[in-house]
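Colleague: Mind looking at a prediction? Sequence and model below.
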Amino acid sequence: MPFQRRSFNALQILPMLVVALVLSQSNLWAQGSVTVAKELAEQLIRRFSKEVADEGVEKLTTRVQAVLVQSGDDALRAIEKGGPRALRILEGSGADAAISARLLSKYGDEAIGALENPVRLGMVRQFGQEAGEVLIKHGVVAEKLIASAGSPAVGAMRELTEQSARRLAMLADEVPTASLAKNSDLLGVVGRYGDRAMDFVWRNKLALTAGTALAVFVADPEPFLDGTRQLVENTVDTVATNIGKPIAEQLGNATDWTWRILALAAMLLVFWAWKTRGSRQAANK
């Protein structure tokens, strides 16, 4: 059977060229990563001889190369800054090593202090790089709040100063206000407005524990933060109305004057108590 020459058009050749280029680049990267990994391993042995005394260049090179292949230049900078400690963190980060590498290359020793803790590293793997930055910034306070409220706590603490983050943690510690530190809607407001919102929440924490007041605030926080609307007054009026209305209905339905007088006295007492409470809170502010 005579040989038949097969012709190829450009559309058939192009995919083959792309595959060949990718394979060649991968091979070059693998060869280059071995060289870089070996140089970095030798550098680690010189700088951290006590920490890597039991490992030879070959074993350490294999470890470094595995991390470099997975996370690239960020891992290289991270190991150069943090040494064997950074290498161990990257190895323990699994599929999320790229996130840890970015944090370590950017924050150095601060990131090592945060990510060496397995619990915090797990939070980074669960909630992403933003959680790592919050943990680096706020430490134990952030760890506690993230464990309690998850992703909303990460968003809330992103822009908070140290004082505001501690105030949020203090809300979580107190039984009457613990629910505020877990409320995703309120944490969302804190995340949008930062210290400004946290200062308002701190000053009005007891008033916000009333469900109505909290709902009113998170629905439209701007007037309260600007000072054009007072949360305490609205809360007092709302509660007094909600409590006084059924009493007033009973007052109108009562046929005995004795019960009418008692019901009227009870309504006035409730109204006076709530007004007095609101005045005290306003004076404390």
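Modeller: It's in.
Colleague: On the three-state scheme, D54 is what?
Modeller: Recorded secondary structure, D54: coil (DSSP: H, G, I helix; E, B strand; the rest coil).
Colleague: tell me which helix or strand of the protein sits lowest on mean pLDDT?
Modeller: For the chain, counting by mean pLDDT, DSSP states H and E, helix 231-253 ranks last in confidence among helices and strands (a mean of 51).
Colleague: close enough to count as contact, A131 and M123?
Modeller: Yes. Using Cβ atoms under 8 Å, A131 is in contact with M123, at 5.2 Å. Yep, even glycine has a C-beta here, placed from its N, CA and C like the rest.
Colleague: For L60, list the residues it contacts.
Modeller: Each residue near L60 by Cβ atoms under 8 Å, 6 or more residues apart in numbering is listed here: 41, 44-45, 52.
Colleague: Return the subset of those lying in helices.
Modeller: Per DSSP state H, helices hold the following members of these: 41, 44-45.
Colleague: Would you check that Q65 makes contact with T35?
Modeller: No. With contact defined as Cβ under 8 Å, Q65 does not count as touching T35 (9.5 Å).
Colleague: Between those two, which is the more surrounded one?
Modeller: More crowded of Q65 and T35, by other Cβ atoms under 10 Å: Q65, with 19 against 11.
Colleague: Identify the residues contacting the more buried one.
Modeller: Counted by Cβ under 8 Å, 6+ apart, Q65 has contacts 33-34, 37.
Colleague: Which members of the residues you listed occur in helices, if any?
Modeller: Counting by DSSP H, the contacts of Q65 contribute 33-34, 37 to helices.
Colleague: and the residue lying closest to E91 once chain neighbours are set aside, what helix or strand is that in?
Modeller: Spatial nearest neighbour of E91, excluding adjacent residues (Cβ to Cβ, 6 or more residues apart in numbering): V67 at 6.5 Å. Following DSSP states H and E, one finds V67 within helix 57-92.
Colleague: any idea which helix or strand comes after that helix?
Modeller: According to DSSP H and E, the helix or strand after helix 57-92 is helix 97-107.
Colleague: Can you name the next helix or strand after that following helix?
Modeller: Downstream of helix 97-107, the first helix or strand assigned by DSSP H and E is helix 109-115.
Colleague: Now do the buried residues in that next one.
Modeller: In terms of neighbour count (16 or more other Cβ atoms under 10 Å), helix 109-115 has its buried residues at 111-112, 114-115.
Colleague: This completes my enquiry, with thanks.
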